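Asks: give me a 3D structure for the following:
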Amino acid sequence: MSAIENNWQPTAEIDTLKKRAQYLADVRLFFAERDVWEVETPILSQAAPTAPYLDSFSTDYIPIGTQTKQTHYLQTSPEFAMKRLLAVGSGSIYQIARVFRNGEQGKLHSPEFTMLEWYRPELSLNQLIDEVNSLLQQVFGFKPVCRLSYRGIFEFYLKLNVFSCSDEAIKHCAQQHITGLPEDLETDRDGWLEILMSYIIEPRLAAMNLPLFIYDFPASQAQLAKIKTDCDGYQVADRFELYINGVELANGYSELQDANELRQRFEHDNQQRTKQNKPIMPLDENLLAAMKHGLPECSGVALGLDRLIMLALDKQAINQVQSFNC
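Replies: Reported below is the predicted structural model:
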């Protein structure tokens with residue numbers, strides 16, 4: 001029997017797909033009750049995220065009657081287009097979007113998956129965390145989510161103040177706690193922190209068996225978030241991540257509004273991509289123009305729906321809640 005004859009059937013059971021459909025209906029009701037309206041934005045764009053950890057799918061668009069190829073990219077998130085809507089006064093919006101990330105595959109990863117993303121001009125980041133908490137409890141039946149700072153989890157598990165210690169101390173901590181690391185492994189400060197998070201902290205978060213928000217990341221990990229000063233005088237990124245059973249589910253920001261700062265971050269990303277032998281990505285000039293026009297003060301979050309449904313239904317891999325693999 002050929003591979004095709006074996007693989008034509010859905011990867012999820014029909015009963016699971018019906019439950020998934022109900023979750024999507026309940027998510028839409030959750031936002032309707034809060035006067036957050038659903039939007040749709042293009043999947044294709046002539047620009048793409050510059051973040052070094054993201055690899056976009058690209059395709060060639062050739063207008064009829066020409067031989068000119070225009071490179072387009074499949075969205076890794078609907079964020080950039082949604083912010084253009086915010087800049088013209090859309091108010092609170094959400095989107096259930098198909099998104100694409102090249103190279104991703106595994107129990108928790110897929111090159112194509114579903115993202116729930118929403119933006120709330122009316123809410124502070126703490127209020128947005130409350131709303132995420134409500135969504136998890138009311139729609140998906142999870143327990144209330146605990147909150148810990150990024151600095152706090154590193155101090156608790158590794159006795160390391162990540163804001164005041166040296167780069168060498170972080171590297172030494174990783175080499176001391178993680179067996180099998182290559183002796184010649186070289187990365188930057190954030191790279192070592194990510195290694196410690198992945199190999200040491202996330203497995204311990206999984207053992208806690210509690211939903212958890214981690215907030216106030218190092219300023220160098222701000223991505224598209226604002227930077228603020230915390231109560232101890234450290235510069236931190238005003239953002240959070242959501243974990244359930246050690247699985248990262250969501251990223252939320254107090255959104256950066258400064259177009260010039262955002263351009264600098266994009267350009268720095270492309271410099272890092274060059275160092276990693278990755279292609280330079282075209283900047284989203286439409287987003288930057290919208291930012292200059294005026295992005296309202298707002299908070300936003302992107303949440304992986306497949307992972308969330310997987311955990312809610314006690315499945316072991318996201319393909320068990322998706323109709324088919326790519």
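Asks: drop to CA atoms for contacts and neighbour counts, all remaining ones
Replies: Noted.
Asks: look up which residues are beta-bridged to Leu116.
Replies: Judged by DSSP bridges, the bridge partners of Leu116 are Ile96, Leu303.
Asks: show me what contacts it?
Replies: Contacts were defined as Cα atoms under 8 Å, 6 or more residues apart in numbering; by that measure Leu116 touches Tyr94, Gln95, Ile96, Ala97, Ala302, Leu303, Gly304, Leu305.
Asks: which positions within stretch 197-212 qualify as buried?
Replies: For stretch 197-212, a neighbour-count test (16 or more other Cα atoms under 10 Å) marks Met197, Ile200, Ile201, Glu202, Leu205, Ala206, Leu210, Pro211, Leu212 as buried.
Asks: need these in JSON lines with secondary structure and pLDDT, can you?
Replies: JSON lines is the format used below for the buried residues of stretch 197-212 (DSSP: H, G, I helix; E, B strand; the rest coil; pLDDT from 0 to 100):
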{"residue": "Met197", "secondary structure": "helix", "pLDDT": "94"}
{"residue": "Ile200", "secondary structure": "helix", "pLDDT": "93"}
{"residue": "Ile201", "secondary structure": "helix", "pLDDT": "93"}
{"residue": "Glu202", "secondary structure": "helix", "pLDDT": "90"}
{"residue": "Leu205", "secondary structure": "helix", "pLDDT": "86"}
{"residue": "Ala206", "secondary structure": "helix", "pLDDT": "86"}
{"residue": "Leu210", "secondary structure": "coil", "pLDDT": "82"}
{"residue": "Pro211", "secondary structure": "coil", "pLDDT": "90"}
{"residue": "Leu212", "secondary structure": "strand", "pLDDT": "94"}
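Asks: hmm, back to that, of all the contacts of Leu116, which comes closest to Glu13?
Replies: Of all the contacts of Leu116, Leu305 has the smallest distance to Glu13: 17.3 Å, by Cα to Cα.
Asks: for that closest one, what are its contacts?
Replies: So Leu305 contacts Thr114, Met115, Leu116 (Cα under 8 Å, 6+ apart).
Asks: quickly list what the residue nearest in space to the middle of the chain is bridged to.
Replies: A centroid search over the chain (Cα atoms, centre = their mean) returns Asn251, at 4.6 Å, as the residue closest to the centre. Taking DSSP bridges as the rule, Asn251 bridges to Glu241, Ala302.
Asks: and it, how far is that from Gln322?
Replies: From Asn251 across to Gln322, the span is 22 Å (Cα to Cα, to the nearest Å).
Asks: fine, thanks again, bye for now.
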